[in-house]
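Novice: based on what follows, work out the 3D shape:
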Amino acid sequence: MKNVAIIGVGQSTFVRAYPGSLRELAFEGFKEAISDAGITGKEIDASVLCSAPEYDKQRSPSAVVAEYLGLNPQPTFYVESLCSSSSTGLMLAYTMVAAGVHDVVAVIGLQKMSEISSAESQERMGRGADIQWESPLGTMMPAYYAMHAQAHMDKYGTTLADLAAVRVKAATYGQINERAVFRKPVTLDMFTDPENRMSGPVSSPLRVGDCCANADGTSCLIVASEEKAKAFSKKPIWILGVGAASASVNLTGRDRLFGLKAAEQAAKKAYAMAGVGPKDINVAEVHDCFTIAELLAYEALGFAEPGGAKELIQSKETYKEGSIPVNVDGGLLSKGHPIGATGGSQVRTIVLQLRGEAGDIQVKDPQIGLVHNIGGVGIYGNVTILGNAKGLAQK
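Specialist: Coordinates of the predicted model:
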């Protein structure tokens, strides 16, 4: 398999309500990514647009965005796997470049969720489940993850304080991330103060502070062949491994609720392809749509043994100075979650880390980084492992 690199990354500031159009939003991440790569749109010979279309009013957004970005007549593809859409798009771009079909591909993650109301958004999220057997009963994302939290608490003794600790860490770094929606400090006592909004009930045991917010945003990744990467970029970041898996849409079809099997299986594939293991990862981004989701990710990725995630967060080993820094950009809990753009934003963070360009959140000398991106309630699992020149040499 040919070596494939990411040579450019871009992201808009994530906001609650973007004032412009969908295509204008897409341009914000795209212009930053091509500038970062040192190329123009003429060097891009294919594009992949990634979003969950039910949140946008525009049908077939890939056509509109490709036209606006000047990417016609090159082929454009549209990818959707709920919240993991842009990780799926990156996997598609990787395979096309590795196969020699294309040399330079733009992966554009995009979502403008403010075009519909919060109530409409929740209803659409519910329809990410089975519309025949589950969503008509009123299931929504917080309720699904609340069931996972209850199962994890019952089996492993995880507590409300453990969940709150995840949000405190997220806010620690969200405060210094200029691209994040939520940039305020969060403390543990907020979760026990009945007058504080963070402690407000959502779906037991999850509280307001345990949940990420919807957002408008875009991300863009420029993926290139080894030849093009070396020609255009001084610091290409190499795709060492990719893994993807799926699970039953209906929770009744799963053998357990205290973990996400699709994430575990995707991780195994990515580790095997990269020739590395959990202890080789120097920095990670995981899909923390809810606080419990981050703890589930620690265990799925092998950073902690089953049931050991609570000790990992309480010991601060996943802080920037810890043994396995996780979500030091604030994660979804601070950045917000523009469905189609989230995976690309996670990849951008790891690329900047591996280049040594992450500023105040820079981890010391990382060589290999990992991105864990989940679609729906564990329906789609995606894990991507990236490395700089030193990381590539380890493969």
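
Novice: Val326 reaches Leu301, doesn't it?
Specialist: No: at 9.1 Å, Val326 does not count as touching Leu301 under the criterion of C-beta atoms under 8 Å. C-betas here are computed from N, CA, C, even on glycine.

Novice: so for the two, which sits in the more crowded spot?
Specialist: Each of Val326 and Leu301 has its neighbours counted (other C-beta atoms under 10 Å); Val326 has more, 28 against 24.

Novice: the spatially closest residue to that one that is not a sequence neighbour: what secondary structure?
Specialist: Nearest non-adjacent residue to Val326, counting by C-beta to C-beta, 6 or more residues apart in numbering: Thr318, 4.0 Å away. Here Thr318 takes the coil state, with states given by DSSP: H, G, I helix; E, B strand; the rest coil.

Novice: isn't Thr318 up against Ile324?
Specialist: Yes: between Thr318 and Ile324 there is a contact at 5.9 Å, judged by C-beta under 8 Å.

Novice: what do the two both touch?
Specialist: Taking C-beta atoms under 8 Å, 6 or more residues apart in numbering as the contact rule, Thr318 and Ile324 both touch Phe303, Leu312.

Novice: between these two, which has more neighbouring residues?
Specialist: Neighbour tally, Thr318 and Ile324, criterion other C-beta under 10 Å: the higher count belongs to Thr318, 26 against 21.

Novice: if we can go back for a sec, return the residues in contact with the residue nearest to Val326.
Specialist: Thr318 touches Lys169, Tyr298, Phe303, Leu312, Ile324, Pro325, Val326, Asn327, counting by C-beta under 8 Å, 6+ apart.

Novice: count of neighbours near Ser135?
Specialist: When counting by other C-beta under 10 Å, one arrives at 18 neighbours for Ser135.

Novice: what about it, distance to Tyr144?
Specialist: Distance, Ser135 to Tyr144, using C-beta to C-beta, to the nearest Å: 10 Å.

Novice: for Phe290, same thing?
Specialist: Phe290 sits 9 Å away from Tyr144, going by C-beta to C-beta.

Novice: comparing these two, which residue is more hemmed in?
Specialist: Per other C-beta under 10 Å, whichever of Phe290 and Tyr144 has more neighbours is Phe290, with 27 against 22.

Novice: quick check: phi and psi on the residue lying closest to that one once chain neighbours are set aside?
Specialist: Residue nearest to Phe290 in three dimensions, not counting chain neighbours: Tyr145, with 4.3 Å by C-beta to C-beta, 6+ apart. Dihedral pair for Tyr145: phi -70, psi -30, per degrees, to the nearest 10.

Novice: quick check: which element contains the most centrally placed residue in the chain?
Specialist: Among the residues of the chain, the one closest to the centroid is Gly343, at 3.3 Å (C-alpha atoms, centre = their mean). Element membership for Gly343 (DSSP states H and E) is helix 342-355.

Novice: can you name every helix or strand that the helix or strand of the chain with the lowest mean pLDDT contacts?
Specialist: Lowest on mean pLDDT, DSSP states H and E among the helices and strands of the chain sits helix 389-394, with a mean of 74. The contact analysis (3 or more C-beta pairs under 8 Å, 6 or more residues apart in numbering; DSSP states H and E) places helix 389-394 against strand 237-246, strand 368-375.

Novice: which of those strands sits most buried?
Specialist: Stretch with highest mean neighbour count among the helices and strands packed on helix 389-394: strand 368-375 (a mean of 29; mean count of other C-beta atoms under 10 Å).

Novice: and it with helix 342-355, angle?
Specialist: 170 degrees (axes from the mean of the first three to the mean of the last three C-alpha atoms, to 10 degrees).

Novice: what secondary structure does Val65 sit in?
Specialist: helix.

Novice: is it true that it touches Gly109?
Specialist: No: if you go by C-beta under 8 Å, Val65 and Gly109 don't touch, sitting 10.9 Å apart.

Novice: and the nearest residue to Ile176 once chain neighbours are set aside, how far from Thr342?
Specialist: Spatial nearest neighbour of Ile176, chain neighbours left out: Asp360 (5.0 Å); criterion: C-beta to C-beta, 6+ apart. For Asp360, the distance to Thr342 (C-beta to C-beta) stands at 22 Å.

Novice: of all the contacts of Thr318, which comes closest to Lys155?
Specialist: Using C-beta to C-beta, Tyr298 comes nearest to Lys155 of these, at 14.9 Å.
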